[in-house]
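K.L.:
predicted model and sequence below, questions to follow.
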Amino acid sequence: MIALARFQIAGYLRSLRILQPLLVVLLIVALVLLQRPSHPDPEGLRELATGTLGDVAAFMFPIWAWAARALLDTQPDGQRDLSATAVRHRGAPVAAGLLAAYTVNLVLGVVALAVPFVYGALAGVGAPALLAGVGLMLLAAASATALGAWTSRPVIPSPGTGLLVLLSVLLAVLLLGIGPLSPLTVPMLDWIRAAHAGPVAFTDAYGGIALRLALWTALVGVGYALVGRRR
């Protein structure tokens, strides 16, 4: 599976599709994240710096889903079938694709989170909140990867339809988070509110948010794996 994941990442890089999400991330970093938070009160500065950690995960979520879909679309269908035949296990290419997409998304996440992490450390946010920000990035990237996989060609053969479905699902995730059905979706608004409430509130809320993200990712990821094995 590791060899298959490396093979898919190499194909994704050779296709230069990586430039699309990477340029968007670099643009966000240059125009938004490089602006260091400023506040006359140290406590207010820490709240701003912590809020940025939550904002980064929210900004990156659609980019992660988009990048995962693009990576899984890079491999031709015939090549995927040959990979499954070579390893004698239909589920191996599915798992390898998810692993490859998640690895690429982690790299994009590191690029986006590096500057806010440094600013947070300089503002005195504290190690617990900084670690919570890193953990949030890891879990949110996994959730977005699983979501993006559902709109890839192995599930939705038409690229145009897959893109429209991805945009619709991302909008639905945001809208569901506002209403009473928020426990059923990605807790994006919850982590944004917690992060903007300050380091202590963010750290206290992280456990519940992480559990919801992990359960949501497991459900969506397992569902995709079951569907992908039958394709």
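P.N.:
The structure has been received and is ready for your questions.
K.L.:
so how far is stretch 156-169 from its chain's centroid?
P.N.:
If you compare the mean C-alpha spot of stretch 156-169 with that of the full chain, they lie 18 Å apart, counting by C-alpha atoms, centre = their mean, to the nearest Å.
K.L.:
which parts of that stretch are buried?
P.N.:
I156, G162, L163, V165, L166, V169 (16 or more other C-beta atoms under 10 Å). Any C-beta I mention is one placed from the backbone N, CA and C, and that applies to glycine too.
K.L.:
helix or strand right after whichever strand or helix holds the last one?
P.N.:
Using DSSP states H and E, the element containing V169 is helix 159-176. Downstream of helix 159-176, the first helix or strand assigned by DSSP H and E is helix 188-196.
K.L.:
so which elements touch the helix holding V169?
P.N.:
Counting contacts by 3 or more C-beta pairs under 8 Å, 6 or more residues apart in numbering; DSSP states H and E, helix 159-176 is packed against helix 42-74, helix 127-150, helix 188-196.
K.L.:
what is the least confident helix or strand in this structure?
P.N.:
For the chain, using mean pLDDT, DSSP states H and E, the weakest element among its helices and strands is helix 77-87, scoring a mean of 57.
K.L.:
give the buried residues for the helix or strand following that helix.
P.N.:
Moving toward the C-terminus from helix 77-87, the first helix or strand encountered (DSSP H and E) is helix 91-122. Applying a neighbour-count criterion of 16+ other C-beta under 10 Å, one finds 92-109, 111-113, 115-117, 119-120 buried in helix 91-122.
K.L.:
hang on, the earlier thing: for the helices and strands packed on helix 159-176, which one sits closest to T217?
P.N.:
Each of the helices and strands packed on helix 159-176 was scored for nearness to T217 using C-beta to C-beta, and the closest is helix 127-150 (4.6 Å).
K.L.:
C-alpha coordinates for that closest one, PDB please?
P.N.:
Included here for helix 127-150 are C-alpha records, laid out as PDB according to Å, rounded to 0.1, in the frame of the first residue of the first chain:
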ATOM      1  CA  ALA A 127       1.900  24.900  24.200                       C
ATOM      2  CA  PRO A 128      -1.500  23.300  24.900                       C
ATOM      3  CA  ALA A 129      -3.300  25.600  22.400                       C
ATOM      4  CA  LEU A 130      -0.600  25.300  19.800                       C
ATOM      5  CA  LEU A 131      -0.700  21.500  20.000                       C
ATOM      6  CA  ALA A 132      -4.500  21.700  19.800                       C
ATOM      7  CA  GLY A 133      -4.100  23.800  16.600                       C
ATOM      8  CA  VAL A 134      -1.800  21.100  15.100                       C
ATOM      9  CA  GLY A 135      -4.200  18.300  16.200                       C
ATOM     10  CA  LEU A 136      -7.100  20.200  14.600                       C
ATOM     11  CA  MET A 137      -5.100  20.500  11.400                       C
ATOM     12  CA  LEU A 138      -4.400  16.700  11.300                       C
ATOM     13  CA  LEU A 139      -8.000  15.800  12.000                       C
ATOM     14  CA  ALA A 140      -9.600  18.400   9.700                       C
ATOM     15  CA  ALA A 141      -7.300  17.400   6.800                       C
ATOM     16  CA  ALA A 142      -8.400  13.800   7.300                       C
ATOM     17  CA  SER A 143     -12.100  14.800   7.300                       C
ATOM     18  CA  ALA A 144     -11.600  16.900   4.100                       C
ATOM     19  CA  THR A 145      -9.700  14.100   2.400                       C
ATOM     20  CA  ALA A 146     -12.500  11.600   3.100                       C
ATOM     21  CA  LEU A 147     -15.100  14.100   1.800                       C
ATOM     22  CA  GLY A 148     -13.100  14.900  -1.300                       C
ATOM     23  CA  ALA A 149     -12.700  11.200  -2.100                       C
ATOM     24  CA  TRP A 150     -16.500  10.800  -2.300                       C
END
